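> turn this into a structure:
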Amino acid sequence: MKPKHHVFVCMNQRPEGHPRGSCGALGAGAVREVFANELEKRNLAEQIQVTGTFCMGPCDRGPTVVVYPEGVWYGGVKPQDVGEIFDKHLLGGEPVKRLRLM
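Numbering: from 1, shown residues only. Model (predicted):
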């Protein structure tokens with residue numbers, strides 16, 4: 001079965017002090033973990049897929065999350081934002097404006 005949404009969470013980890021920074025250093029692991037927990041808690045594994053990725057580009061504004069098929073990019077995502085992304089975007093169809101990058 002094809003999922004309705006695919007969520008990509010940048011997990012890239014650069015060395016400490018790297019000029020571009022990295023989503024991993026900004027807490028991406030915790031963000032991905034909360035996405036996975038919400039997916040299980042809400043029993044949505046057949047409708048939504050969550051995948052950790054390497055660098056997607058805007059690491060200085062990370063953690064970066066991208067939701068497809070819409071192609072909505074989020075930046076500065078914190079674990080406490082994940083529930084809102086589920087409720088408003090993934091289930092409600094309305095992207096979370098305050099977190100949007102593009």
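
> which residues of the protein fall in helices?
Under the criterion DSSP state H, the chain contains helices at 28-41, 82-84.

> what is the rounded mean pLDDT of the last one?
Mean pLDDT, helix 82-84: 98.

> could you do the first one as well?
Model confidence over helix 28-41, given as mean pLDDT, is 96.

> is the most centrally placed residue in the chain bridged to anything, and to what?
The centre of the chain sits closest to Val65, judged by Cα atoms, centre = their mean, with a distance of 3.0 Å. Legend: beta-bridge partners of Val65 under DSSP bridges are Val9, Tyr74.

> tell me the pLDDT at it?
98.

> against Ala25, how distant is the residue in the chain sticking out farthest from the centre?
The centre of the chain is farthest from one residue, Gly17, which by Cα atoms, centre = their mean lies 23.4 Å away. Going from Gly17 to Ala25 by Cβ to Cβ, to the nearest Å gives 10 Å. For glycine as for every other residue, the C-beta is placed from the backbone atoms N, C-alpha and C.

> ok, now Thr53?
15 Å.

> repeat for Glu84
Per Cβ to Cβ, Glu84 is found 23 Å from Ala25.
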